[in-house]
Each structure stands twice: as structure tokens, then as C-alpha cells.
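**Student:** The following block contains a protein sequence and its predicted model.
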Amino acid sequence: MSSLSGTSLAGTPLAGRRVLLGISAGIAAYKSAHLARLLKKAGAEVRVVMTEGAQAFITPLTLQALTGEPVRTSLLDPEAEAGMGHIELAKWAELILIAPATADLMARLAQGMADDLLTTLCLASAADLVMAPAMNQAMWRHPATQRNAQRLQADGWRLLGPDAGDQACGDVGPGRMLEPEEIIADLEAAERHPAAGRHVVITAGPTREPLDPVRYLSNHSSGKMGYALAEAAAALGARVTLISGPVTLATPAGVERLDVESAAEMHYAAQRLAGECDLFIGCAAVADYRAEQVAEHKIKKTDDDDGLTLRLVKNPDIIAAVATRADRPYVVGFAAETRDVERYARDKLTRKKLDMVVANDVSRAGLGFGADDNAALLLWRQGNREARRELPPQSKRDLARAILETALEAQAAPQNAPR
């Protein structure tokens, strides 16, 4: 049957990619037809596998017309399995994209089950693995689904979404499948850049250093820059772990988040992950000092007090500790300064043995802590010389993308081959 998908765009990042589109049993399956058409238009080779339940929402004939390929629906198809068809299909795929991915399918994949054709293919394939979750908002928020999402990400799956908004059941909240155009844009971004298959660890937000059970030392960091970096890294195809201090921000889609409070807790998490990641970005505003002793009970003020004296001790230097490891990743640090920005940034780059430093002038109005916009000066080692790039004021989301692209390009340069 001929394809109705229109003219392909041979120059797009997806051109020639062998994409296996998996469709599971959710109402969002109606979007999968448009997604298949866009994949074909982008120049990808597309084959579709549907679960039994998915066929209640959209017919295999529709997908066959759009892709020009037979649609597979059964693991025990005598005609296809005469030549071990499911294994051949698993080997054929370069990218497995499941959209929509229901809570049930996510649970089965998280447990390593292979009880239908789609789950069997996922276990038998070495392809890149991407899914777009879609379900009721309560199902997405359920602790079991969140555990499954984290397990899948640890197993190499990249999650796109879900989005939030009105749902077919009448609820409002997170659980909507991303629109096909958004999925295509994300896939193309991952194809354009070298982050696919990489593990990026990012620290973000402030730390809190307790003085007593109710008081602590902290700073004005909102975590917005670190969270924007995590979102951008996930969009570029990386597996992302975000070590977050206490903030009020939602976890970016497809990002694994570890919550910490103190610098010591962040240091422990960073050391645990540093040896298994490819790129480490220290964006958190870590407290330099903590109280030598934390009061067991609330420190009380009395009428004859003239003041309060606190003895502080240094916290561990998280970014320097990562940079001096024998199995160090590529290390990017941040320098939030109020004066002599470039001088202090260059000193930090050298003194802490970083590969790159991102310097911010946080004294500029409307930029830095708490703001939605930021600007940066990037300094990095390029062999025996130092390179620099100035990024003008822009949204933190756009700035994060530019920082990551620069870091990935610098890391990939021959002079910066893995140590």
C-alpha cells in the first residue's frame, strides 16, 4: 500500500533513521497517526508495532497507509515468526519510540517483562530507547508510576513529557502526551548533538546549613539555571541526573532528581555519581561554610543578649573534589560574582582544575539569582590555550542550551579526549 505521508525532508536530522514506533493502549494513540506522518516527512524509515489494546483506539490499517509498511500486532504471528521476525525487527530498529506509553506498559518494561511483541522487541534491541508517557494525572503522580519512570531512565530510556493540561477524562494536570510536533523537535535536537547516550549530572539550587532545628544558613539561589540546564540536556538526548537543593521548581521531564539539603549531602551524592557520568555541571550555589556545632534545641534570644557569635567551618568543595578524581568526567563549574567577573572566573578555572567555567555577574539587575534571564561568560581549556565565549542576556532556557552545546563541542575536541 502506498504511503500518504508526503514529501520527505532528506536533509533533516532524522533522515534515514530506522524508527520503530510503538503504540500502546491510550486515548492519545490518535496522535500517533500524525506522529507517524511527521516521522516519514522528516525522512525516517518507520515501522509500527501496536499492542492489542492500542487497536481499540486506532486501526493498523491507518498506520499502514501512513508508513507504507505492514503493521505488526502479535508476537506469535506464524507468518512473521517463520523467520524469527521479532528478532529481525529488533535488529532493524535504530530508535524505538513508544508514543503513547501507558502506565501499564511502563510498569511491564520496568519489570523487564516480554509478554507481547512490543515489550519483547524492547528487550531484544540495542536501539536508542525513547517513550512519551500518556495517562490520567493521578496515574502519573502515583508513587508506583514515578518509581517505574526512574527505573526506566536508569535502564536507558529517555522520557519525553508528559505535558500538563486538560485530559480526555475531564481532569487537569500532568499526563498528556506531548504533541507530535514537540516529539519530532526533541528527536531532531537529540540527533543534531552528541549528548545522546551520555550521562549528565547537574547540581542546582541552594544548600541549607542548619544552626538549630528551625534556623539555617542559605542563599538566594532559585535553582532556575540548573533546572534549565537539566531540561536542555534531556532535550539533547542525555540521561540526566539532577542533584537539587531545596527549591520550589518542578522536575523537568525525563530527568531523574535527587533531593538534598546540606552541602555535605550534595557532596556525597556528587561523589557517588561522578565516576559514572560523562559530564558534570556544578551549578548549585553551595554554602561555603556551616556551623561547627548545630544546637540541639532552638537558640533562644534573651533580653541581655548583645549579639550572637557563631563559629563556622568550611564545607567540602564539591566541584574541586569531582575535578580531581582519577575517573573524572568533563567538569563544568559556575562562578557567581559581583565584581571582577572574568578575573575570578579564570582563577576558579585554574585553581579547581575545571574544564570549563560559566561566569555570571549576579549584581546586574534582572539577571542571575531568582530571575528568568541570565547572561554568561564561558572560559574553557582547549588544549594548551584558553577559549572564551560571551553569551548575551537571554532566557535561562536559551542560555542553558548554548552552554551545553559549547560544553559538548569542547569536550568532543581532540585535545579534550577523555582522560
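**Tutor:** Received it, and whenever you're ready, just let me know what you need. Residues are numbered from 1 along each chain as shown.
**Student:** how close does the residue lying farthest from the centre of the chain get to residue 297?
**Tutor:** Distance to the chain centre peaks in the chain at residue 304, reaching 53.3 Å (criterion: CA atoms, centre = their mean). According to CB to CB, to the nearest Å, residue 304 stands 19 Å off from residue 297. For the C-beta atoms, the positions are set from N, CA and C on the backbone; glycine is no exception.
**Student:** Mind jotting down where the strands sit in the stretch 251-400 of the chain?
**Tutor:** 255-259, 279-282, 289-291, 312-314, 330-337, 356-361, 373-382, 385-395 (DSSP state E, counting those that start in this stretch).
**Student:** Out of those, which is closest to residue 413?
**Tutor:** Across the strands of the stretch 251-400 of the chain, residue 413 has its closest neighbour in strand 373-382 (6.3 Å, CB to CB).
**Student:** Verify the contact between residue 346 and residue 379 for me.
**Tutor:** Yes - counting by CB atoms under 8 Å, residue 346 does reach residue 379; the two are 6.0 Å apart.
**Student:** Quickly list what's touching both of those two.
**Tutor:** Taking CB atoms under 8 Å, 6 or more residues apart in numbering as the contact rule, residue 346 and residue 379 both touch 357, 386.
**Student:** Please work out how many residues are found near the closest residue to residue 394 other than its chain neighbours.
**Tutor:** Spatial nearest neighbour of residue 394, chain neighbours left out: residue 373 (6.4 Å); criterion: CB to CB, 6 or more residues apart in numbering. Residue 373 has 16 neighbours, counted by other CB atoms under 10 Å.
**Student:** Distance check, residue 373 against residue 231.
**Tutor:** Applying CB to CB to residue 373 and residue 231 gives a distance of 16 Å.
**Student:** contacting residues around residue 90?
**Tutor:** Residues near residue 90 by CB under 8 Å, 6+ apart: 120-121, 124-125, 127.
**Student:** Report the buried members of the residues you listed.
**Tutor:** Buried residues within those, counting neighbours by 16 or more other CB atoms under 10 Å: 120-121, 125, 127.
**Student:** can you redo these as TSV with distance to residue 61 and secondary structure?
**Tutor:** As requested, those are arranged in TSV below (distance: CB to CB, whole Å; DSSP: H, G, I helix; E, B strand; the rest coil):
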residue	distance to residue 61	secondary structure
120	23	helix
121	21	helix
125	25	coil
127	26	coil
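**Student:** okay, now the domains of this structure?
**Tutor:** Taking automatic domain parsing as the criterion, the chain consists of the domains 18-192, 199-416.
**Student:** pull the CA atoms of stretch 151-166 into PDB?
**Tutor:** Output of stretch 151-166 as PDB, limited to C-alpha atoms (Å, rounded to 0.1, in the frame of the first residue of the first chain):
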ATOM      1  CA  ARG A 151      13.800   2.700  36.800                       C
ATOM      2  CA  LEU A 152      13.200   3.100  33.100                       C
ATOM      3  CA  GLN A 153      15.500   6.100  32.900                       C
ATOM      4  CA  ALA A 154      18.200   4.200  34.800                       C
ATOM      5  CA  ASP A 155      17.800   1.400  32.200                       C
ATOM      6  CA  GLY A 156      18.500   3.800  29.400                       C
ATOM      7  CA  TRP A 157      15.000   5.100  28.400                       C
ATOM      8  CA  ARG A 158      14.600   8.700  27.700                       C
ATOM      9  CA  LEU A 159      11.200  10.100  28.700                       C
ATOM     10  CA  LEU A 160       9.600  12.900  26.700                       C
ATOM     11  CA  GLY A 161       6.900  14.600  28.800                       C
ATOM     12  CA  PRO A 162       4.300  14.200  29.900                       C
ATOM     13  CA  ASP A 163       2.800  17.600  29.400                       C
ATOM     14  CA  ALA A 164       0.200  19.100  31.700                       C
ATOM     15  CA  GLY A 165      -3.300  20.400  30.800                       C
ATOM     16  CA  ASP A 166      -6.900  19.300  30.100                       C
END
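**Student:** Can you give me the first-to-last residue distance of stretch 212-230?
**Tutor:** End-to-end distance of stretch 212-230 (CA to CA, to the nearest Å): 32 Å.
**Student:** from the chain's centre, how far out does it sit?
**Tutor:** 20 Å (CA atoms, centre = their mean, to the nearest Å).
**Student:** start at 738 instead
**Tutor:** With 738 as the first residue, the last one maps to stretch 949-967.
**Student:** Show me which positions of that stretch end up buried.
**Tutor:** For stretch 949-967, by 16+ other CB under 10 Å, it's 953-954, 956, 958-967.
**Student:** now stretch 1026-1043
**Tutor:** Buried residues in stretch 1026-1043 (16+ other CB under 10 Å): 1027-1028.
**Student:** That stretch: end-to-end distance?
**Tutor:** End-to-end distance of stretch 1026-1043: 24 Å, with CA to CA as the criterion.
**Student:** How about residues contacting that stretch?
**Tutor:** By CB under 8 Å, 6+ apart, the list of residues contacting stretch 1026-1043 reads 946-952, 954, 999-1001, 1045, 1047-1052.
**Student:** which of those residues count as buried?
**Tutor:** Among these, those scoring as buried are 946, 948, 954, 999-1000, 1052 (criterion: 16+ other CB under 10 Å).
**Student:** I'd like a version of those residues in CSV, one that adds distance to residue 875 and pLDDT as further columns.
**Tutor:** Putting the buried ones among the contacts of stretch 1026-1043 into CSV (distance: CB to CB, whole Å; pLDDT from 0 to 100) gives the following:
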residue, distance to residue 875, pLDDT
946, 37, 94
948, 40, 93
954, 39, 92
999, 33, 95
1000, 36, 94
1052, 40, 94
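**Student:** Out of the residues you listed, flag the one nearest to residue 751.
**Tutor:** The closest of these, once distances to residue 751 are taken by CB to CB, is residue 1000, at 43.0 Å.
**Student:** my read: that closest one touches residue 1051, true?
**Tutor:** No - with contacts defined as CB under 8 Å, residue 1000 does not count as touching residue 1051, sitting 9.5 Å away.
**Student:** Can you pull the residues that touch both of these two?
**Tutor:** Joint contacts of residue 1000 and residue 1051 (CB under 8 Å, 6+ apart) do not exist.
**Student:** Residue 970 against residue 936, yeah?
**Tutor:** No - look at residue 970 against residue 936 with CB under 8 Å: they stay out of range, at 9.7 Å.
**Student:** what is in contact with those two at once?
**Tutor:** Taking CB under 8 Å, 6+ apart as the contact criterion, the common neighbours of residue 970 and residue 936 are 977, 1016.
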